[in-house]
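Student: take this sequence and fold it.
(one chain, ligands or ions: 1)
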Amino acid sequence: MVPFRKMHGLGNDFVVLDARRSDLPITPHRAAAIADRRFGVGCDQFILLEPGAEGADVFMRIRNPDGSEAGACGNATRCIASLVAAEAGKDRVVVRTVAGDLPVERLPDNLWRADMGPARLGWREVPLAREVDTLHLPIGAGPVADPAACSMGNPHATFFVRDLAALDLAAIGPVLEHDPIFPERANIGFVQVLSPEHIRLAVWERGAGLTLACGSGACAALVNAARRGLTGRRATVTLPGGDLVIEWREDGHVLMTGPVATAFTGEIDLEAYPA
Ligand SMILES: N[C@H](CCC[C@H](N)C(=O)O)C(=O)O
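Tutor: The predicted structure is shown next:
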C-alpha cells in the first residue's frame with residue numbers, strides 16, 4: 001500500500017504521491033486510472049513528487065487525467081510548496097517542474113504566492129503550428145473567436161466574451177482544445193472583463209476538461225488581457241472555485257497568489273491499477 005494526499009487549490013484537485021524516497025511504478029496509464037473519478041481516487045491532475053536537485057526543494061511531475069504530462073499546474077504548485085514548506089519548516093521553497101524552477105512563498109491567511117516564471121509570448125513558444133500573431137489567432141468555435149495565446153510552461157488560448165454564463169463550454173471547449181493550430185493541444189480560457197482590475201474566467205483544461213480553477217490559466221488570462229489593453233498588469237481573477245490574484249511583473253514573470261487545502265489522506269494498492 002502507498003500513501004497519497006488529496007489536495008486542491010480552489011477546487012482544482014490533485015492526488016499526490018511521493019516518490020522522493022523510493023521509485024513508484026507510475027505509468028501514464030496507471031496515473032490516468034488513479035485519476036478516474038469512478039474507478040480510481042479521482043482528480044483533475046495526478047501529481048508525483050520526485051527528488052529535487054541542486055537549487056530546488058522538490059520536483060513536481062504533472063499528469064492530466066488522460067495521462068498526458070503538463071509543464072505547469074499553478075494550483076498544484078501552491079499545494080506542493082505548502083506541503084514541502086511544512087516538512088522543512090520553511091516559508092519559501094522552490095518547486096521544480098519540467099518548465100522551470102518556481103519560487104513560492106507563504107503569505108498570511110493560508111495564502112501562497114508563486115512566481116510562475118515568464119509568460120512566453122512567441123508563436124513557437126505557445127506552441128502554434130505556424131507563424132501567427134499570438135495576440136489574434138484566426139480560430140473560433142460557436143460564438144467565440146479571435147483569442148490571444150501564450151505559454152506559462154503549458155499552452156493557453158484566451159477568448160474574451162461579453163457573457164460567460166451564456167456559453168456552452170462543454171461543447172466548444174474540446175473543439176478548441178484540439179484545434180490544429182495547437183500541435184500540443186491547448187488549455188482554453190474564457191474571460192469576461194468586469195473592470196481593469198477584475199476578470200471572470202472559466203477554463204476548459206487540456207486533458208482534463210472543465211475545472212473549478214486553473215492557476216496557469218489565470219496567469220495566461222491576465223497576461224493576454226493586459227496585452228489587449230483590457231486590464232492592468234495586476235487583477236483579481238474570479239474562477240468558479242474562487243479568486244486568484246495575478247500580477248504580470250515588468251520583468252515578464254507572473255505572480256499568482258491563492259489558497260491551498262488538503263481534503264484527505266489515504267493509501268492505495270498501486271498493483272490494483274493497470275500499469
Ligand atoms: N491541464 C493543464 C495542466 C493543469 C493546469 C491547471 N490545473 C493549473 O492549475 O494550472 C495542461 O495540460 O497544461
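Student: partners of residue 247 in the sheet?
Tutor: With beta bridges defined as DSSP bridges, residue 247 has these partners: residue 234, residue 255.
Student: thinking it is in contact with residue 236, fair?
Tutor: No - counting by C-beta atoms under 8 Å, no contact exists between residue 247 and residue 236, whose distance comes to 10.6 Å. In short, each C-beta sits where N, CA and C put it, glycine included.
Student: tell me if the host helix or strand of residue 29 is near the ligand.
Tutor: Secondary structure assigned from DSSP states H and E places residue 29 in helix 28-35. No - under the criterion of C-beta under 6 Å from any ligand atom, the ligand is not reached by helix 28-35; the shortest gap measures 11.6 Å.
Student: what's the answer for stretch 253-261, then?
Tutor: No - judged by C-beta under 6 Å from any ligand atom, stretch 253-261 and the ligand are separated, with a smallest distance of 8.7 Å.
Student: now that stretch: buried residues?
Tutor: Buried residues in stretch 253-261, counted by 16 or more other C-beta atoms under 10 Å: 253-260.
Student: with stretch 206-224 instead?
Tutor: 206-209, 211-224.
Student: if we check the ligand, which of those residues are in contact?
Tutor: 206-208, 211, 214-217.
Student: for those residues, give me CSV that also has pLDDT and secondary structure.
Tutor: Formatted as CSV, those follow (pLDDT from 0 to 100; DSSP: H, G, I helix; E, B strand; the rest coil):
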residue, pLDDT, secondary structure
206, 98, coil
207, 98, coil
208, 98, coil
211, 98, coil
214, 98, coil
215, 98, helix
216, 98, helix
217, 98, helix
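Student: those residues: which two are farthest apart?
Tutor: 207 and 215 (15.4 Å; C-beta to C-beta).
Student: point out where the stretch 51-200 of the chain drops to low pLDDT.
Tutor: Nowhere does the stretch 51-200 of the chain drop to pLDDT under 70.
Student: what about the helices in it?
Tutor: Using DSSP state H, counting those that start in this stretch, the helices of the stretch 51-200 of the chain run over 74-88, 169-177.
Student: mean neighbour count and distance to residue 128 for those helices - can I get that in a markdown table?
Tutor: Shown next, in a markdown table, are these (neighbours: other C-beta atoms under 10 Å; distance: least, C-beta to C-beta, whole Å):
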| stretch | mean neighbour count | distance to residue 128 |
| --- | --- | --- |
| helix 74-88 | 23 | 22 |
| helix 169-177 | 17 | 13 |
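Student: which stretch among those helices comes nearest the ligand?
Tutor: Closest approach to the ligand among the helices of the stretch 51-200 of the chain is made by helix 74-88 (3.7 Å; C-beta to the nearest ligand atom).
Student: what about that closest one, distance to the chain center?
Tutor: Distance, stretch centre to chain centre, for helix 74-88: 14 Å (C-alpha atoms, centre = their mean, to the nearest Å).
Student: going by neighbour count, which residues of the helix holding residue 29 are buried?
Tutor: For helix 28-35, by 16+ other C-beta under 10 Å, it's 30-35.
Student: now do the contacts for residue 98.
Tutor: 61, 69, 71, 153 (C-beta atoms under 8 Å, 6 or more residues apart in numbering).
Student: and the gap between the most centrally placed residue in the chain and residue 39?
Tutor: Residue closest to the average C-alpha location in the chain (C-alpha atoms, centre = their mean): residue 73, at 3.2 Å. Separation of residue 73 from residue 39 (C-beta to C-beta, to the nearest Å): 22 Å.
Student: then residue 247?
Tutor: In terms of C-beta to C-beta, residue 247 sits 40 Å off from residue 39.
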